[in-house]
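Participant: Okay, predicted coordinates and the sequence, questions at the end:
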Amino acid sequence: MSQDRRQFLKSVAAITAAGVATGVTSGCASSNPATKSYPTSQGKSVMGLVVPKMDVVRIGFIGVGERGSGHVKHYCHIDGVEIKAICDTNERILNESIATVVEKGFIKPDSYTGSELAYKKMLERNDIDIVIISTPWRWHTPMCIDTMESGKHAFVEVPAATTVEECWQLVDTAERTQKNCMMMENVCYGRDELMVLNMVRQGLFGDLLHGEAAYIHELRWQMKEITEKTGSWRTAWHAKTNGNLYPTHGLGPVAQYMNINRGDRFDYLTSTSSPAIGRQAYAAREFGADHQRNQLNYIAGDMNTSIIKTIKGRTIMVQHDTTSPRPYSRHNYIQGTNGTFAGFPNRIAIENAPKDIKAQYQQQYELAVKQWQKNGQQGRKPSHASFHRWDHDMAKWQDNYDHPLWLQMGSEAERNGGHGGMDFLMLWRMVYCLRNGQPLDQDVYDAAAWSVITPLSAQSVSDRSNSKDIPDFTRGIWQQAKPLGVVS
């Protein structure tokens, strides 16, 4: 080997070694939350924010269509509130909600309409404490920011934001104004989800390892809503974004099980989408060739699957499909070292069960063995391990683990309705916290972390499913933040 050749190889080896060393250092820095850099905060953290107690919570509404009108009805049945004003661009539905309030015996709220920016006039009032925002997605972040800037607390429908930049805008504004910005993820207040949260907090599943969340809901029929209702604006998102368009319903509860932003946080995700076929086929079948629905190029894959990795190494699968003909599911799956809960349908498998439930399992095993013996020991002998079969009998688990909040308000929530009572319970709980000087169950960091899955999943899909870092919207506070407790 010539001298020049040997010298060249030595130089390459030196450069490679330096590169490896640099790569290791850089990799450690990026994966170590203590060394992460964050945008400079414009205020102070709102983690656990407590605002002065409100004797009466004075409410303004922006948007009272299919979702907002239900919130108005629920608040007519909740003590300690006054509905001061309602804003909507559609005068007909605006007047319907105003009539609802009056029919319930309350003072007629003021109305705001006439343009898309009419809500800003409502925000000038000084007799409104909180604003409920139930508008198309593109308005969520701007309206939240304007609400907080006006000195009011913002409560917004899901998702709270549609871009990474919008997520940071919400966080920055909340920290600077010291106002609440809560995304109203109603599924966190479902009976099943609250029960599983209670189970997790009591350690039933052991150390958590993996979760699964989804929004699988056939909604092609919404494409026929052309000028009004959800489909009139939501359909266009399928021609705009190829990713998980609606992650928070399934993800919110799983994030709370795992103490996301309160002891753990999302680190990065990878995402992939199936072909986008179903909506184009539906449009061709249901509309004329020259109809506007057939002029759209639907790019959102019928099924999107994203995998989130947390700082503690846990994994979460999040799926979205509002196109395929299949039953509804949010998965609601949580797996730990001692067992698993899975939803749709509800079922549970536990290795070390509570004493009274373990006794029931033993009885079931003995009966199964007797039946096996009666059948001449045909087939495999029943397993003694309870976790080798799903337990679908939820009654005994509800008796042991129903959430204190559900035990307190579940009957009234079911009576008032709204997705099985979860809507009413969420709205009641918001008012309860504000009137009693308690922090809300969800904050702006949750709103940002759960909502950012949409734009990051789209980025990953367009980049051959390469992973995308999930920002730490808490700026490191998650490491000291207390887990969301089981409230009563």
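Facilitator: Nice, I can see it. Numbers count the residues shown, from 1 in each chain.
Participant: G203 and T337: what is the separation?
Facilitator: 10 Å (CB to CB, to the nearest Å). Using the backbone N, CA and C atoms, a C-beta is placed for each residue, glycine as well.
Participant: before we move on, what about S460?
Facilitator: As judged by CB to CB, S460 and T337 stand 29 Å apart.
Participant: ok, the two, which is more surrounded?
Facilitator: Applying other CB atoms under 10 Å to S460 and T337 shows that S460 carries more neighbours, namely 24 against 10.
Participant: Am I right that that one sits in a strand?
Facilitator: No. Assessed with DSSP: H, G, I helix; E, B strand; the rest coil, S460 is helix; it does not lie in a strand.
Participant: Quick one: residues contacting the closest residue to D207 other than its chain neighbours.
Facilitator: Distances taken as CB to CB, 6 or more residues apart in numbering put T337 closest to D207, at 4.7 Å, once the chain neighbours are dropped. By CB atoms under 8 Å, 6 or more residues apart in numbering, the contact set of T337 is F205, G206, D207, L209.
Participant: Then K358?
Facilitator: Listed by CB under 8 Å, 6+ apart, the contact partners of K358 are N352, S386.
Participant: Quick check: phi and psi at it.
Facilitator: phi -60, psi -40 (degrees, to the nearest 10).
Participant: next one: Q362
Facilitator: Phi and psi for Q362, reported as degrees, to the nearest 10, are phi -60, psi -40.
Participant: I'd like to know how many residues surround it.
Facilitator: Neighbourhood size, Q362 [other CB under 10 Å]: 13.
Participant: and if you look at S324?
Facilitator: Neighbour count for S324, taken as other CB under 10 Å: 14.
Participant: do E82 as well
Facilitator: So E82, with other CB under 10 Å, has 16 neighbours.
Participant: contacting residues for it?
Facilitator: With CB under 8 Å, 6+ apart, E82 has these contacts: V56, V57, R58, I59, F106, I107.
Participant: Recalculate using a threshold of 6 Å.
Facilitator: Applying CB atoms under 6 Å, 6 or more residues apart in numbering to E82 gives the contacts V56, R58.
Participant: Could you look up the SS state of it?
Facilitator: strand.
Participant: doesn't A447 make contact with T474?
Facilitator: No. Taking contacts as CB atoms under 6 Å, T474 lies outside contact range of A447: 12.0 Å.
Participant: Look at the two and report which has more neighbours.
Facilitator: Shown here are T474 and A447; by other CB under 10 Å, A447 has more neighbours (31 against 26).
Participant: re earlier: closest to Y246 out of the contacts of T337?
Facilitator: Closest to Y246 out of the contacts of T337 is L209 (25.4 Å), distances taken as CB to CB.
Participant: contacting residues for the closest one?
Facilitator: By CB under 6 Å, 6+ apart, L209 lies in contact with Q335, G336.
Participant: which SS class is it?
Facilitator: Following three-state DSSP, L209 is assigned to strand.
Participant: What's the local residue count around P142?
Facilitator: P142 has 15 neighbouring residues, counting by other CB under 10 Å.
Participant: ok, now Q319?
Facilitator: If you count neighbours by other CB under 10 Å, Q319 ends up with 19.
Participant: in a strand, that's where it is, yeah?
Facilitator: Yes. Remark: Q319 belongs to a strand, assigned using three-state DSSP.
Participant: how near is it to T272?
Facilitator: 11 Å.
Participant: L425 reaches A413, doesn't it?
Facilitator: Yes. Using CB under 6 Å, L425 is in contact with A413, at 4.1 Å.
Participant: quick one: contacts for P439?
Facilitator: So P439 contacts G48, L49, V50 (CB under 6 Å, 6+ apart).
Participant: closest to G421 among the contacts of T337?
Facilitator: F205 (24.9 Å).
Participant: Show the contacting residues for the closest one.
Facilitator: F205 makes contact with G336, N338, G339, according to CB under 6 Å, 6+ apart.
Participant: Tell me the pLDDT of the closest residue to the second one other than its chain neighbours.
Facilitator: When the adjacent residues along the chain are set aside, N338 lies closest to G206, with 3.3 Å between them (CB to CB, 6+ apart). Here the pLDDT value assigned to G206 is 98.
Participant: got it, and the one 5 residues further on?
Facilitator: Predicted confidence (pLDDT) for G211: 99.
Participant: any idea whether the closest residue to P382 other than its chain neighbours is helix, strand or coil?
Facilitator: Distances taken as CB to CB, 6+ apart place A368 nearest to P382, at 3.9 Å, with adjacent residues excluded. Here A368 is recorded as helix under three-state DSSP.
Participant: how near is A368 to P455?
Facilitator: Distance of A368 to P455, given as CB to CB: 50 Å.
Participant: Check K355 too.
Facilitator: Counting by CB to CB - K355 and P455 are separated by 48 Å.
Participant: now do M426
Facilitator: 25 Å.
Participant: One more: R435?
Facilitator: Taking CB to CB as the measure, R435 falls 36 Å from P455.
Participant: Of those two, give the one with the bigger neighbour count.
Facilitator: The neighbour count for R435 versus P455, taken as other CB under 10 Å, is higher for P455 (21 against 16).
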